[in-house]
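1. Predicted model and sequence follow; I will ask about them next.
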Amino acid sequence: MTDPAPDFEEFVVGCGPRLIRVAWLLTGDPHLAEDLLQTVLAKVWPKWHRLADNHPEAYVRKALVNTHASWWRRRWRGELPHGELPERAAGGDPFAAVDLEQSLAAAVRRLPARQRAVVVLRYFEDLSVEEVAVTLGCSTGTVKSQASRALRTLQSRLPVNEPAWGGDRHVRS
């Protein structure tokens with residue numbers, strides 16, 4: 001068996017920022033995201049010689065979702081965090097986009113695990129419905145219905161009058 005280190009290191013350097021973003025969006029905590037990604041990469045390392053030629057980023061994304069789901073199932077759920085969204089400042093608040101991003105991230109973290117995974121993969125990672133279905137091991141109809149429910153929930157939790165980016169409010173589904 002050849003040493004997979006150079007290819008694996010290149011993969012981690014090249015895809016690491018995208019993968020840590022997925023992990024952060026799934027966990028909502030930068031430290032847990034690093035732990036999640038490190039755990040998944042440790043699981044992938046021994047299999048790297050088989051994975052390197054078969055879409056390793058998709059495999060690692062799926063492993064992130066599955067590992068996070070197993071962590072999520074084990075976590076104690078006695079307390080549910082809640083908080084009020086901050087009031088929006090009038091005028092040209094330079095921090096409005098950051099506030100909106102943080103509010104969106106908090107709202108995404110409050111979604112059920114399956115809906116959160118669909119939102120992260122579909123809208124943050126920009127995967128197609130089919131790619132999300134393959135990653136999550138479900139039908140395209142399930143992806144569409146979970147995305148629809150999640151977007152409805154997010155719209156109800158994020159009273160946004162005008163987008164910070166200046167575009168329209170359409171989100172493709």
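-> It's in.

2. Which stretches in the protein count as helices?
-> Ranges of helices within the chain are 5-27, 30-44, 48-51, 56-74, 96-109, 113-119, 129-136, 140-157, based on DSSP state H.

3. Could you single out the most deeply buried of the ones you listed?
-> Counting by mean count of other Cβ atoms under 10 Å, helix 113-119 has the highest mean neighbour count of those, with a mean of 22. The way it works is simple: take the backbone N, C-alpha and C, and place the C-beta from them, glycine included.

4. model confidence over that one, on average?
-> Across helix 113-119, the average pLDDT comes to 93.

5. for that helix, packing partners?
-> helix 5-27, helix 56-74, helix 96-109, helix 129-136, helix 140-157 (3 or more Cβ pairs under 8 Å, 6 or more residues apart in numbering; DSSP states H and E).

6. need these in TSV with mean pLDDT and distance to W48, can you?
-> What follows is these, written out as TSV (pLDDT from 0 to 100; distance: least, Cβ to Cβ, whole Å):
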stretch	mean pLDDT	distance to W48
helix 5-27	88	5
helix 56-74	84	8
helix 96-109	82	31
helix 129-136	93	19
helix 140-157	92	28
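
7. what about those helices, which gets the closest to L121?
-> L121 lies closest to helix 129-136 among those, at 4.6 Å (Cβ to Cβ).

8. Now for the most centrally placed residue in the chain: which residues touch it?
-> Residue closest to the average C-alpha location in the chain (Cα atoms, centre = their mean): V120, at 3.3 Å. For V120, the contacting residues are 22, 25-26, 65, 108, by Cβ atoms under 8 Å, 6 or more residues apart in numbering.
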